[in-house]
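Student: coords below, sequence missing:
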C-alpha cells in the first residue's frame, strides 16, 4: 500500500507527537508499505489558515499519489477547507492522526472559539481518525459526532529500552540525599514548568533537586521567563536546564531520578508518563486530558488540577517527606507500565485499520 503522511516541520522534532508519527512510519515501512512523508513549512496559525486559499500551496499537493493519505492533525489550519478540494483528487481516504485538539488546550475564550470552529471544519473534511487516547476520541466525537471510522491506538512506553530492578528501585528510594525530580517536556507554557517551580519554591530546599529536559528554543520568551522565575525565587542552583536530549540520554537520567513531574495544562496522552513509569517513577500530572488513562491517583502517581500550585506542592511534599510512600508508589508505577500494551500492539492496530480501506 502507498501511504502519504502530511506534517508540519520534520519527523526528527523531539516531542511525543512526532515520536508517535516517526515510530508509525518505521512500522508501516517494516510491514512492506511504501510511506512518503510530505513535510510542510510550519507557519504561524493565521498564515496556515491562508494556505487554504493559496494556489501555489494547492499546486504542491495536486499530484499526490497514495492509497491512503495520513495527516497529523497539527496541520489542521492549512487544511480546514483545502481537504474538500483535495479529497476528490486522491485514490483513497484522508485519515487524521489526532494527538489532541488545540481547542482542548487552555486559551483565552475567543481563541478557543476560533480553534474549535477551525478544527471542527477540518475534522468534518476527513474520512477517518486515529486517536491516541480515549480522551482524544471523546473530544473528536463531541465536536463532529461518531459517524466516521475511528481507532484508538495509545502510545507505548517501551521504545527507550533499559530496565531497573525492584531492588534498585528500593535502594534508590531509601538512599540519603534530596529527592531527584525530573521534568521532561519542551519549555512551552502548556507544559506548566512555571507551576512546578512555584510549587517547589514552597518546599524546603534541602529536600529536592530538579532536572529539566526539553527544548530551550521553541519559545524563547517563555524560557526567559523561567530563568527570571528561577532567579527571583533563588532556585537556580537547584534546577538544571539541560535542553533537548536524544532518546539514548534519557534512560540514565530516569534511572537515577525518584519521580517525574510534568503538570501540563493538557496532554492528549502523555508518552513521557509511561516512559517514567518504566523506570519506577511515580508521576505527577494534570487531571486534564489523557493522563487519567495512565495514572491511578494515589497509587502510582498523583493528578492535580491544572495550575493548582498548592495541590501540586502538597503532592510533591508527600513523596519528598515519606520515602516508604515513594517506594510503594515507585513499585506500583513500574507494575502499571508492565501491564500497558507495547508500541507494537498499537502500531499493528493502525496497520490493520489502514489496510481495511484497501479497494
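Tutor: Arrived safely. Computed from a predicted model, the values in this text were never measured in an experiment. Residues are numbered from 1 along each chain as shown.

Student: and stretch 26-40, end to end?
Tutor: Start-to-end span of stretch 26-40 (Cα to Cα, to the nearest Å) is 20 Å.

Student: which other residues reach it?
Tutor: 1-11, 25, 61, 64, 66, 75, 78, 343-344, 347-348, 350-351, 354 (Cβ atoms under 8 Å, 6 or more residues apart in numbering). Heads up, the C-betas are built off the backbone N, CA and C, glycines and all.

Student: how far does that stretch sit from its chain's centre?
Tutor: 21 Å (Cα atoms, centre = their mean, to the nearest Å).

Student: average model confidence for that stretch?
Tutor: Averaged across stretch 26-40, the pLDDT comes to 96.

Student: next, the buried residues of that stretch.
Tutor: Buried residues in stretch 26-40, counting neighbours by 16 or more other Cβ atoms under 10 Å, are found at 27-28, 33, 35, 38, 40.

Student: now do stretch 294-310
Tutor: 294-295, 300-304, 306-309.

Student: likewise stretch 326-337?
Tutor: Neighbour-count burial for stretch 326-337 [16+ other Cβ under 10 Å]: 326-327, 329-334, 336-337.

Student: for residue 134, see how far away residue 70 is.
Tutor: 21 Å (Cβ to Cβ, to the nearest Å).

Student: try residue 128
Tutor: From residue 128 to residue 134 the distance is 17 Å (Cβ to Cβ).

Student: where does the protein have low pLDDT?
Tutor: Applying pLDDT under 70 to the chain picks out residues 358-359.

Student: quick one, domains of it?
Tutor: Domain assignment for the chain by automatic domain parsing gives 2-156+342-355, 166-339.

Student: one step back: which of residue 128 and residue 134 has more neighbours?
Tutor: Under the criterion of other Cβ atoms under 10 Å, the comparison of residue 128 against residue 134 puts residue 128 first, with 18 against 14.

Student: I'd like to know how many residues surround the nearest residue to the more buried one once chain neighbours are set aside.
Tutor: Excluding the flanking residues, the one nearest residue 128 by Cβ to Cβ, 6 or more residues apart in numbering is residue 149, at 4.1 Å. Burial of residue 149 is recorded as 14 neighbouring residues (other Cβ under 10 Å).

Student: pretty sure residue 149 contacts residue 127?
Tutor: Yes - contact criterion Cβ atoms under 8 Å: residue 149 and residue 127 qualify, at 7.4 Å.

Student: shared neighbours of the two, anything?
Tutor: Between them, residue 149 and residue 127 share no contacting residue under Cβ under 8 Å, 6+ apart.

Student: and the buried residues of stretch 294-310 as TSV, adding distance to residue 179 and secondary structure?
Tutor: Below are the buried residues of stretch 294-310 laid out as TSV (distance: Cβ to Cβ, whole Å; DSSP: H, G, I helix; E, B strand; the rest coil):
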residue	distance to residue 179	secondary structure
294	21	coil
295	18	coil
300	17	coil
301	14	strand
302	14	strand
303	19	strand
304	17	strand
306	23	coil
307	23	coil
308	20	coil
309	18	helix
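
Student: export those as TSV, with columns for distance to residue 174.
Tutor: What follows is the buried residues of stretch 294-310, written out as TSV (distance: Cβ to Cβ, whole Å):
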residue	distance to residue 174
294	26
295	23
300	19
301	20
302	21
303	26
304	26
306	33
307	33
308	30
309	29
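
Student: who does the helix or strand where residue 38 lies pair up with?
Tutor: Assessed by DSSP states H and E, residue 38 sits inside strand 34-40. Strand 34-40 has its sheet partners listed here by DSSP bridges as strand 2-8 (parallel).

Student: can you give the contact residues for the partner strand?
Tutor: Taking Cβ under 8 Å, 6+ apart as the rule, strand 2-8 contacts 18, 21, 25, 28, 33-43, 64-72, 74-75, 79, 354.

Student: stretch 289-299 now?
Tutor: 100, 104, 132-136, 154, 264, 266-270, 273-274, 277, 283, 285, 301-303, 329, 332, 336, 340.

Student: show the end-to-end separation of it, please.
Tutor: 19 Å.

Student: for the stretch 101-250 of the chain, which segments count as helices?
Tutor: 109-124, 134-144, 166-174, 193-201, 220-233, 250-256 (DSSP state H, counting those that start in this stretch).

Student: tabulate those (JSON lines), appending distance to residue 182.
Tutor: Compiled in JSON lines, the helices of the stretch 101-250 of the chain are given as follows (distance: least, Cβ to Cβ, whole Å):
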{"stretch": "helix 109-124", "distance to residue 182": "31"}
{"stretch": "helix 134-144", "distance to residue 182": "24"}
{"stretch": "helix 166-174", "distance to residue 182": "13"}
{"stretch": "helix 193-201", "distance to residue 182": "11"}
{"stretch": "helix 220-233", "distance to residue 182": "16"}
{"stretch": "helix 250-256", "distance to residue 182": "6"}
